[in-house]
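A.B. asks: Quick check, what structure comes out for this input:
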Amino acid sequence: VTLIKSGLLANANDSLSLNIPEISDARPGTLNRSLGLSSSTIGAVLDKFADLIDYPYGCTEQTMSRLMPSVVAMELNKKLSAPLSSADTTKFAKVYKDGMAKLTEYQHSDGGWGWWAGDNTSAYLTPLVLEGLKLVKGVGYKVDDAMVNKGLSWQTTAIKTLTEQLSDPKHMADTYFDSESRTDLAYMLFTQALWQKKLNKSDQAAVAYLEKNQSELGPETLSYLARALKLAGQETAAQRILNRLLVLANTTDDTIDWERTKGMLQKLGPHIDEYNYYSYRFTPEETTALGLTAVLE
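C.D. replies: Numbering: from 1, shown residues only. Down below sits the predicted model:
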């Protein structure tokens with residue numbers, strides 16, 4: 001049983017009582033209780049954040065799964081003066097060098113990225129790389145502008161093509177394919193706005209399509225779309241999408257999350273098939289972190 005509480009004790013004499021539920025079916029002598037306190041939400045992260053720095057390996061997704069947490073560690077070090085040894089800094093320099101070399105090798109001739117150097121370009125992996133490259137640049141490391149521009153150029157075409165495919169009256173609706181494709185679309189829009197601080201004409205057509213179908217969008221798609229609109233300066237539209245994201249949230253007195261629960265499924269309406277209502281890409285923790293990021297931004 002895990003209880004999570006957060007809040008503010010505003011005065012020196014304030015106190016808080018926690019009601020610990022009794023557990024009657026535990027074997028005698030096996031029950032332990034532990035209490036962890038942190039003065040801020042970052043406290044639990046700082047204790048082990050150097051462990052985020054790890055060497056990239058494998059396919060594009062695995063490379064980014066190593067490079068992006070490494071960048072987050074460097075960002076914490078930069079923004080919060082979080083402790084980082086010279087050995088960890090040296091380690092990151094090699095992680096950066098190896099990761100960038102692999103991304104350069106894996107970039108396709110059309111400008112995007114797939115799982116490997118010689119497969120099809122992916123509307124999921126290309127924005128994943130572009131987001132990572134923005135993080136890398138944000139902590140002061142060099143990023144090849146030509147590499148980025150080729151990726152953004154591929155996305156411009158891909159956004160237009162995918163929007164037309166999903167909008168086609170002859171398109172055969174498929175709950176899982178449409179959900180994942182809409183997430184891809186919103187993710188590409190987000191990385192376009194992340195780099196360019198605007199959305200072009202074909203991007204706006206994709207926004208219009210997603211807004212029209214927002215009642216069917218999952219929390220990941222809504223989160224990326226709200227963030228894209230915010231970055232592009234479209235405040236009113238961003239707030240509308242954020243409001244819809246908040247409607248989908250699972251809430252208790254103490255918590256909020258965006259796990260794909262049956263309760264969320266009901267909010268999306270009877271047209272959504274429960275069998276296909278999932279995403280292989282996002283755990284409940286990842287989706288909740290993405291939703292929270294949208295709220296904060």
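A.B. asks: going forward, measure contacts between C-alpha atoms and count neighbours the same way
C.D. replies: Will do.
A.B. asks: Report all helices and strands that the helix or strand hosting Leu245 contacts.
C.D. replies: Using DSSP states H and E, Leu245 sits in helix 235-248. Secondary-structure packing of helix 235-248 (3 or more Cα pairs under 8 Å, 6 or more residues apart in numbering; DSSP states H and E): helix 219-231, helix 262-268, helix 284-296.
A.B. asks: Show the average pLDDT along that helix.
C.D. replies: For helix 235-248, mean pLDDT rounds to 98.
A.B. asks: can you list contacts of it?
C.D. replies: For helix 235-248, the surrounding residues in contact (Cα atoms under 8 Å, 6 or more residues apart in numbering) are 211, 214-215, 219, 222-223, 225-230, 258, 264, 267-268, 291, 294-295.
A.B. asks: In it, which of the residues would be classed as buried?
C.D. replies: Buried residues in helix 235-248, counted by 16 or more other Cα atoms under 10 Å: Ala237, Ala238, Gln239, Ile241, Leu242, Arg244, Leu245, Leu246, Leu248.
A.B. asks: Likewise for stretch 284-297?
C.D. replies: Under the neighbour-count criterion of 16+ other Cα under 10 Å, stretch 284-297 has Thr287, Thr288, Ala289, Leu290, Gly291, Leu292, Ala294, Val295 buried.
A.B. asks: Also stretch 105-118?
C.D. replies: Of all the residues in stretch 105-118, those buried under the rule 16+ other Cα under 10 Å are Tyr106, Gln107, His108, Gly111, Gly112, Trp113, Gly114, Trp115, Trp116, Ala117.
A.B. asks: Which of those sits closest to Asp25?
C.D. replies: Comparing the buried residues of stretch 105-118 against Asp25 with Cα to Cα places Trp115 closest, at 48.0 Å.
A.B. asks: Could you measure from the closest one over to Gly132?
C.D. replies: 15 Å (Cα to Cα, to the nearest Å).
A.B. asks: Could you do Gly111 as well?
C.D. replies: Plainly put, Gly111 is 16 Å away from Gly132 if you go by Cα to Cα.
A.B. asks: ditto for Ala208
C.D. replies: Going from Ala208 to Gly132 by Cα to Cα gives 27 Å.
A.B. asks: Of the two, give the one with the bigger neighbour count.
C.D. replies: Neighbour count, other Cα atoms under 10 Å: between Ala208 and Gly132, Gly132 has more, with 20 against 13.
A.B. asks: need the contact list for that one.
C.D. replies: Counting by Cα under 8 Å, 6+ apart, the residues that Gly132 touches are Met64, Leu67, Met68.
A.B. asks: let's go with 10 Å and repeat that
C.D. replies: Contact analysis of Gly132 by Cα atoms under 10 Å, 6 or more residues apart in numbering lists Met64, Ser65, Leu67, Met68, Pro69, Val71, Val72, Thr126, Gly138, Thr191.
A.B. asks: residues near Met64, how many?
C.D. replies: Close neighbours of Met64, defined as other Cα under 10 Å, add up to 23.
A.B. asks: before we move on, which element is it in?
C.D. replies: helix 60-80.
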